[in-house]
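> Predicted model follows, preceded by the sequence.
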Amino acid sequence: MDYGRSERPAGAAPLPTAIKILIAGGFGVGKTTLVGAVSETRPLRTEEVLTETGVGIDDLSGVEEKTTTTVAMDFGRITLSDDLVLYLFGTPGQDRFWFVWDELALGAIGAVVLADTRRLADCFPSIDYFEGRGTPFVVAVNCFEGAKQYRLDEVQGALDLDPDVPVVLCDARERESVKEVLITLLEYAMKLREERRRAAAD
Amino acid sequence: MTGQGELAEHEWVDDHAGPVVRPYAVTGGRARPVTGTFDLISLVTATRAEVGSESGLGPEHVAIVGLCQRIQSVAEIAAHLDLPVGTVRVLLGDLAARSLVQVREPRATPAGLPDDSVFEAVINGLRAL
């Protein structure tokens, strides 16, 4: 393992601000690929180990041993400036780990729901979750080779989205394409904040 | 951990067999940190270049101080040390209680979100990449 030393003496300067964006979508839709396309390091994996008390929904009555489940999240890092670091977290695919999502979504500035037009229904749970929480999100349609191309308004209709929610095409392997998706999300999130502020002031 | 150990006790196991030491053993059975909450993106930096064999510190504590000579998020520490996030939080609590690490929680408004200037800075930062 590499314990690289920095030139900067520890504790000398204020620590940067860290922010996070979530990358959601069904299994195999390309979440980790998208993270890897813009991350400055190869995507890292972090794990939460859950005991039976954490999993909650499982009926473990009569089970004597402690059951543990591991939920893995892939994430990447983009250092935007000396005082700003952006983390992208791929959300765990399984619906039963919503409480892990709650931790991830807390303080997240927004989410990208990655969609595959061949399995559009796979992103319904993510959309429902972010709508319910009021987390700003955009839908990015990952353009897989060989998949039928749909018009974006067709995707919007099929997902029954609020017409304001941006739906964009992307190639999760391409850095420039992923950058555009993230910028679209941030601009939308800012617009949404402004609207909510105005609504609260009225 | 795996049934493999029982079948062939004398065989060496590789990384795929999972950690040899249970996460709870690393923390002495503790599930919660003594201090702090440690969000996944809380940033951590060591306050010293290294720590010696201070009482109560294990090899994982020393490894975290080594890793945090560069600023790392809680998630990165967990990934690099191949430990569950919950375990890393406990270890960080020990280090924070001894002032061996400095922790910066994510900047947020009372609503739990960063302020407007952060959004603009992220957009500009992404455009400049």
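Great, that's in hand. Residues are numbered from 1 along each chain as shown, chains lettered A, B, ... in the order given.

> C-alpha only now, for contacts and for neighbours.
Will do.

> next one: phi and psi at residue B:45?
With angles defined as degrees, to the nearest 10, residue B:45 shows backbone torsions of phi -140, psi 140.

> what does residue A:20 give?
The main-chain torsion angles of residue A:20 are listed as degrees, to the nearest 10 and equal phi -140, psi 150.

> Setting the sequence-adjacent residues aside, check what's closest to it.
The shortest distance from residue A:20 to any residue that is not its chain neighbour, by CA to CA, 6 or more residues apart in numbering or on different chains, is 4.7 Å, and that residue is residue A:87.

> continuing past the lowest-mean-pLDDT helix or strand in chain B, what's the next helix or strand?
The helix or strand of chain B with the lowest confidence, counting by mean pLDDT, DSSP states H and E, is helix B:4-7 at a mean of 45. Scanning forward in sequence from helix B:4-7, with DSSP states H and E defining helices and strands, the next element found is helix B:23-26.

> So for that next one, mean pLDDT?
Averaged over helix B:23-26, pLDDT sits at 74.

> now that helix, how far from the centre of its chain.
Helix B:23-26 has its C-alpha centroid displaced from the chain centroid by 14 Å (CA atoms, centre = their mean, to the nearest Å).

> Also stretch A:174-191?
In terms of CA atoms, centre = their mean, the centre of stretch A:174-191 is set 13 Å apart from its chain centre.

> The host helix or strand of residue B:92: which residues count as buried?
Mapping residue B:92 onto the secondary structure by DSSP H and E places it in helix B:85-97. Buried residues in helix B:85-97, counted by 16 or more other CA atoms under 10 Å in any protein chain shown: B:85, B:86, B:87, B:88, B:89, B:90, B:91, B:92, B:93, B:94, B:95, B:96.

> So which elements touch that helix?
Counting contacts by 3 or more CA pairs under 8 Å, 6 or more residues apart in numbering or on different chains; DSSP states H and E, helix B:85-97 packs against strand A:44-50, helix B:23-26, helix B:59-67, helix B:74-81, strand B:101-104.

> And residue A:34, how far from chain B?
Going from residue A:34 to chain B by CA to the nearest CA, to the nearest Å gives 15 Å.

> typo on my end, it should be residue A:92
From residue A:92 across to chain B, the span is 14 Å (CA to the nearest CA).

> number of nearby residues for residue B:51?
For residue B:51, the count of nearby residues is 15 (other CA atoms under 10 Å in any protein chain shown).

> sec struct for it, please.
Local secondary structure at residue B:51 is given as coil here, using DSSP: H, G, I helix; E, B strand; the rest coil.

> so who does residue 38 touch?
Here I'm looking at chain A. Taking CA atoms under 8 Å, 6 or more residues apart in numbering or on different chains as the definition of contact, the neighbours of residue A:38 are A:76, A:78, A:175, A:178, A:179.

> my question was about chain B
When contacts are taken as CA under 8 Å, 6+ apart, residue B:38 is in contact with B:74, B:89, B:105.

> so how far is residue A:19 from it?
Using CA to CA, to the nearest Å, we find residue B:38 at a distance of 14 Å from residue A:19.

> do the same with residue A:152
Going from residue A:152 to residue A:19 by CA to CA gives 29 Å.

> now what about stretch A:78-93, what contacts it?
By CA under 8 Å, 6+ apart, the list of residues contacting stretch A:78-93 reads A:15-27, A:31-32, A:35, A:38-40, A:71-77, A:100-101, A:104, B:41, B:121-122, B:125-126, B:129.

> out of these, which are buried?
Among those, those that count as buried by neighbour count (16+ other CA under 10 Å) are A:15-26, A:31-32, A:35, A:38-39, A:71-77, A:100-101, A:104, B:41, B:122, B:125-126.

> okay, now residue B:52: neighbour count?
By the measure other CA under 10 Å, the count of residues near residue B:52 is 7.

> repeat for the one 4 residues further on
Per other CA under 10 Å, the neighbour tally for residue B:56 reads 7.

> and it, helix, strand or coil?
When states are read from three-state DSSP, the local structure at residue B:56 comes out as coil.

> Would you quantify the distance from it to chain A?
Applying CA to the nearest CA, one obtains 22 Å for the distance of residue B:56 from chain A.

> Give me the pLDDT value at that residue.
Per-residue confidence at residue B:56 stands at 78 (pLDDT).

> Contacts only, for the closest residue in space to residue A:115 that isn't next to it in sequence.
Distances taken as CA to CA, 6+ apart put residue A:141 closest to residue A:115, at 4.7 Å, once the chain neighbours are dropped. Counting by CA under 8 Å, 6+ apart, residue A:141 makes contact with A:114, A:115, A:116, A:117, A:167, A:168, A:169, A:170.

> Where does confidence bottom out across these?
Lowest pLDDT among the contacts of residue A:141: residue A:117, 89.

> No further questions, thank you.
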